[in-house]
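Visitor: Fold the following.
(chains A and B)
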Amino acid sequence: MISNKETIAQLAKEGKRIDGRGLMDYRQPIQLETNISWTAEGSAKVQIGETVVMAGVKLAIEKPYNDTSDQGGIMINAELLPLSSPEYESGPPGIKAIELARVTDRGIREAKAIDMKKLCITPGEKAWFVIIDIVTINDAGNLFDAASLAALTALKAAKFPEVDPETGAINYKKKTDQGLPLLKEPLAVTIYKINGQLIVDPTTQEEHSYDARLTVASDEKGTISALQKGGELPLTIEEVGKMVDIALEKAKFLRAEVDKVVK
Amino acid sequence: MSNILKKEREVVIPGECLAEGMDYLPGDNTYREGEKIFSKVLGLVGVAGRVMKITPLSGPYLPRTGDKIIAKVFDITMSGWRFQTNTAYSAMMNVKDASSRFIKRDEDLSQILSIGDYAVVKITKVTSQNLIDLTMKEPGMHKISGGRLVKINSQKVPRIIGKQGSMISLIKEKTGCNITVGQNGIVWIKGEADKELLAEKAVKMIQERSHEAGLTDKMEKFLSGGASQ
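Guide: Below you'll find the predicted structure:
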């Protein structure tokens, strides 16, 4: 794996990037597609440049947790498929896959994006659980943003399956018109710091050369729901402030892309 | 009764029959089974007299004696450096092959090449067990500093270089960059930042469109105008 670390750091100092993009530019094309899988209740495929991520939403009826007996639940799992990058191997999820799943999960969970109480059918007995699976098809950098974008798009596109009123069995082959009770629409934007400069949407090479990164999840009103810091070097308070500002602005831009495909 | 089943420059897949009869001979990347000649790889058919051969379109780099490659240091041992060569096998460079000057016995080898460094090196020997020996002593061999490295399909290296180096010297001339193409598919480009990018795009473009005819003219247009994508 070639990383061109020194050149990337040198170019960053001059305000340039190795692929000629501006520091705040996302790669093109940004493409979103919904309903790519008919077995999932909601699904989405997201492409940012050469990065491709798919997300699927499954809905299942289960017994609520004891401490939240009047609420449903949410589970997010991410898998870095070996086909998406030479760095990934099959087997149990590694630290990168777990971080990706947890950052995406926290963005949605802590924003209280889904009205959990509405997912409850019978308190203490039955509630809907939302299970989101994220798989990477091609990792050309910036999986955090792509995964968050795919998860939100899939959530917005999801429709409840039909439930037999007598037996209570779910008929996954038939979908109703009813979508998930979404209160907010959180999206994560990750800002990377390389040699003192802040950039968005890194390529794989840039992901090998960063000093620090911050993932900021925010909803459509600009309320921050989650933060995740990564990388070996620290960030100053001013930098965190700048990063949040960039994240809110870029989230608006990405949200416009989501609104193009799902209302 | 012998006849050729495929035309010159036709794309074939492994196992496709190229010719029938004993009048034709199997050349590079082909094999004979019974009276028929089949392709071993995905590639373009070439007919040279009675010999059927295939120019591969994909596949790994296989190390050969005399090749100039760009390799990465991943280990320093008592007697030299070990390199990753973009093949399945690692290579070894002895201390005596690193420099024409005298290297003292207790010298720190990482001062010359440290782990993670890339260097332009030449393969001096490949054994039957695929142990590769390298040298950095010959002219044009050096440690790489600055610039950018680009990985391409090693089967496209001859196209990047062109006939008598026509393509590579065109890119060098138009961008003013220093370019070294390793036979193992790693290309080193050094120049001004935006020119480096243009050269990288040009190299990637040749890789994608290597099967097209008159590519040198198209590249000249691309590098001059920058518009003909």
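Visitor: Enumerate the positions of stretch B:216-226 that are buried.
Guide: Neighbour-count burial for stretch B:216-226, counted by 16 or more other CB atoms under 10 Å in any protein chain shown, picks out B:219, B:220, B:222, B:223. Any C-beta I mention is one placed from the backbone N, CA and C, and that applies to glycine too.
Visitor: Of those, which is the nearest to residue B:193?
Guide: residue B:223 (16.5 Å; CB to CB).
Visitor: wait, does the helix or strand harbouring the closest one contact chain A?
Guide: Under the criterion of DSSP states H and E, residue B:223 resides in helix B:215-225. No - Helix B:215-225 does not reach chain A (CB under 8 Å from any CB of the partner chain); its nearest approach is 15.0 Å.
Visitor: List of residues touching that helix?
Guide: B:159, B:162, B:166-167, B:170-171, B:174-175, B:198, B:202, B:205-206, B:209, B:212, B:228-229 (CB atoms under 8 Å, 6 or more residues apart in numbering or on different chains).
Visitor: By residue count, tell me the biggest helix in the chain.
Guide: Answering for chain A, as no chain was given. Identified as the longest helix of chain A according to DSSP state H is helix A:237-261.
Visitor: could you do chain B instead?
Guide: helix B:193-208.
Visitor: Could you check the angle it makes with helix B:215-225?
Guide: 160 degrees (axes from the mean of the first three to the mean of the last three CA atoms, to 10 degrees).
Visitor: where do the helices sit along chain B?
Guide: B:157-161, B:166-175, B:193-208, B:215-225.
Visitor: Show me what the third one is packed against.
Guide: Put plainly, it is helix B:193-208. Where contact means 3 or more CB pairs under 8 Å, 6 or more residues apart in numbering or on different chains; DSSP states H and E, helix B:193-208 is packed against strand B:148-151, helix B:157-161, helix B:166-175, strand B:186-190, helix B:215-225.
Visitor: contact partners of that helix?
Guide: A:11, A:14, A:16, A:18-20, B:147-148, B:150, B:152-153, B:156, B:159-160, B:167, B:171, B:174-177, B:179, B:187, B:189-191, B:215, B:219, B:222-223, B:226.
Visitor: would JSON lines of the buried residues of stretch B:216-226 with pLDDT and distance to residue B:103 be doable?
Guide: Shown next, in JSON lines, are these (pLDDT from 0 to 100; distance: CB to CB, whole Å):
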{"residue": "B:219", "pLDDT": "89", "distance to residue B:103": "43"}
{"residue": "B:220", "pLDDT": "89", "distance to residue B:103": "45"}
{"residue": "B:222", "pLDDT": "88", "distance to residue B:103": "45"}
{"residue": "B:223", "pLDDT": "89", "distance to residue B:103": "42"}
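Visitor: could you give me the average pLDDT of stretch B:27-41?
Guide: For stretch B:27-41, mean pLDDT is 92.
Visitor: what does it rub up against?
Guide: B:12-22, B:24-26, B:43, B:45-46, B:48, B:51-54, B:56-59.
Visitor: And that stretch, what's buried?
Guide: For stretch B:27-41, by 16+ other CB under 10 Å, it's B:27, B:29, B:30, B:36, B:37, B:38, B:39, B:40, B:41.
Visitor: Can you pick out the most distant pair from those residues?
Guide: Among the buried residues of stretch B:27-41, B:36 and B:41 lie farthest apart (CB to CB), at 16.5 Å.
Visitor: gap between the two ends of stretch B:205-213?
Guide: Chord length of stretch B:205-213, first to last residue, is 14 Å (CA to CA, to the nearest Å).
Visitor: Tell me who's in contact with the spatially closest residue to residue A:104 that is not a sequence neighbour.
Guide: Residue nearest to residue A:104 in three dimensions, not counting chain neighbours: residue A:147, with 4.9 Å by CB to CB, 6 or more residues apart in numbering or on different chains. Residue A:147 sits next to A:53, A:55, A:78, A:100, A:104, A:134, A:136, A:188 when contact means CB under 8 Å, 6+ apart.
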